[in-house]
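Trainee: Quick one, fold the following:
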Amino acid sequence: MKSILDQSGPVDDVASAKVRLPVARFRDASEASKRVAREIAQLIRQRASENRRCVLGLATGSTPVRVYRELVRMHREENLSFFNVVTFNLDEYFPIKPESPQSYHRFMNENLFNHVDIIRSNVHIPSGTIPLENVSGYCRDYEDLILRSGGIDLQLLGIGRTGHIGFNEPGSTRDTLTRMVRLDSLTRKDAAKDFGDLDRVPLLAITMGVDTIMQSKRIRLLAFGEHKARIVQKALQNRMSSTLPASYLRQHPDMQYLVDGAAASCLPPSIFGTPLQ
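Mentor: Coordinates of the predicted model:
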């Protein structure tokens with residue numbers, strides 16, 4: 001039988017094949033977020049005990065906020081130190097100033113970095129202010145910096161309604177690296193509430209590529225709410241292709257979706273790797 005990790009065709013027959021996909025379903029978003037936060041904390045502490053750095057790939061948006069909230073709590077109440085942590089964020093709008101309310105620099109500072117003891121030189125977020133002619137070289141340098149840091153130990157992801165991971169919109173191939181991209185119209189529409197108007201949403205962004213993400217040692221993708229149910233189902237069961245970049249994640253050896261009941265509503269119960277938690 002072909003492994004689900006090698007499956008390139010539709011996997012709608014997964015239940016009859018008795019193959020489980022790497023999906024954990026939770027009663028609510030809070031429980032799923034706490035599970036991921038505990039895994040991250042354990043990894044940080046393990047690396048610290050080995051006198052090694054822990055390299056995290058981080059995401060923005062409403063989905064990971066609860067994870068960051070729990071990590072801050074553990075820092076304050078359970079002595080979780082970020083002194084050995086190096087971070088690389090997935091993406092940033094372009095152009096945008098770091099102090100802009102919609103900037104991912106500001107998001108990360110307000111939700112995590114301002115509240116923990118991370119060394120600021122260990123924080124890396126794509127720049128939305130570099131000159132356009134320097135973008136290609138900047139993206140190559142971002143890739144090199146990830147490699148020189150030892151690679152990403154755990155990558156945190158959300159999934160967009162277009163099936164994007166990071167800002168890898170439909171059309172992004174498996175071999176893409178960090179680069180500038182044009183945002184899909186649906187992605188911009190979803191962001192309009194943050195910018196106040198669709199016309200104010202940037203047309204471009206800098207993002208890690210699909211291959212950059214896939215090189216991470218572990219990947220944990222969070223998806224919450226009924227509006228994510230259909231795209232989660234497609235990413236797990238449709239044919240892997242560039243029209244649905246998140247579908248490539250099925251090739252990763254240590255990938256897990258963590259979803260709430262609403263986001264799991266389009267999936268057959270038989271595919272879950274663990275019972276409702």
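
Trainee: so what's Glu169 up against?
Mentor: Applying CB atoms under 8 Å, 6 or more residues apart in numbering to Glu169 gives the contacts 160, 162, 181-184, 187, 245. Bear in mind the C-beta positions are built from the backbone N, C-alpha and C, glycine included.

Trainee: What's the biggest helix in the protein, counting residues?
Mentor: Secondary structure of the chain read by DSSP state H shows that its longest helix is helix 29-49.

Trainee: Against which helices or strands is that one packed?
Mentor: Here helix 29-49 touches strand 21-26, strand 54-58, helix 65-77, strand 154-157, strand 218-223, strand 255-260, going by 3 or more CB pairs under 8 Å, 6 or more residues apart in numbering; DSSP states H and E.

Trainee: returning to that earlier point: just the buried residues of the contacts of Glu169.
Mentor: 160, 162, 181, 183-184, 187, 245 (16 or more other CB atoms under 10 Å).

Trainee: what two of those residues are the furthest from one another?
Mentor: Leu183 and Pro245 (13.4 Å; CB to CB).

Trainee: Can you tell me the closest non-neighbouring residue to Cys266?
Mentor: Using CB to CB, 6 or more residues apart in numbering and skipping residues adjacent in sequence, the residue nearest Cys266 is Gln233, 3.8 Å away.

Trainee: hang on, that neighbour is in a strand, isn't it?
Mentor: No. With DSSP: H, G, I helix; E, B strand; the rest coil as the criterion, Gln233 is located in helix rather than a strand.

Trainee: Pull the number of nearby residues for it.
Mentor: As a burial measure, Gln233 scores 18 neighbours (other CB atoms under 10 Å).

Trainee: Could you do Arg47 as well?
Mentor: By other CB under 10 Å, neighbour count at Arg47 equals 17.

Trainee: Kindly report the same for Tyr68.
Mentor: Tyr68: 24 neighbours (other CB under 10 Å).

Trainee: isn't it right next to Phe113, touching?
Mentor: No. Using CB atoms under 8 Å, Tyr68 is not in contact with Phe113; the gap is 9.2 Å.

Trainee: before we move on, back to that, take the buried ones among the contacts of Glu169 and keep only those in helices.
Mentor: Reading helices off those with DSSP H, I get Thr187.

Trainee: Would you reformat the buried ones among the contacts of Glu169 as a markdown table and include pLDDT?
Mentor: Listed next are the buried ones among the contacts of Glu169 as a markdown table, based on pLDDT from 0 to 100:
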| residue | pLDDT |
| --- | --- |
| Gly160 | 96 |
| Thr162 | 96 |
| Val181 | 98 |
| Leu183 | 98 |
| Asp184 | 97 |
| Thr187 | 96 |
| Pro245 | 98 |
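
Trainee: Could you point out which of the buried ones among the contacts of Glu169 is nearest to Leu21?
Mentor: For the buried ones among the contacts of Glu169, the nearest to Leu21 is Pro245 (17.4 Å; CB to CB).

Trainee: Quick check: the gap between that closest one and Leu157.
Mentor: To Leu157, Pro245 is 11 Å away according to CB to CB, to the nearest Å.

Trainee: about what we covered before: pick the one among the buried ones among the contacts of Glu169 closest to Ser30.
Mentor: Gly160 (21.7 Å).

Trainee: quick one, phi/psi of that closest one?
Mentor: With angles defined as degrees, to the nearest 10, Gly160 sits at phi -80, psi 170.

Trainee: Enumerate every residue touching it.
Mentor: Per CB under 8 Å, 6+ apart, neighbours of Gly160: 169, 184, 186-187, 190, 231.

Trainee: if you set the cut-off to 10 Å instead, what comes out?
Mentor: Each residue near Gly160 by CB atoms under 10 Å, 6 or more residues apart in numbering is listed here: 61, 63, 166-170, 183-184, 186-187, 190-191, 228, 231, 245-246.

Trainee: Over to Gly57?
Mentor: So Gly57 contacts 87-90, 124, 146, 151-157, 166, 208, 212-213, 215-220 (CB under 10 Å, 6+ apart).

Trainee: if we go to 6 Å?
Mentor: 88, 152, 155, 216 (CB atoms under 6 Å, 6 or more residues apart in numbering).

Trainee: Please identify which two of those are farthest apart in space.
Mentor: Phe88 and Ser216 (9.6 Å).
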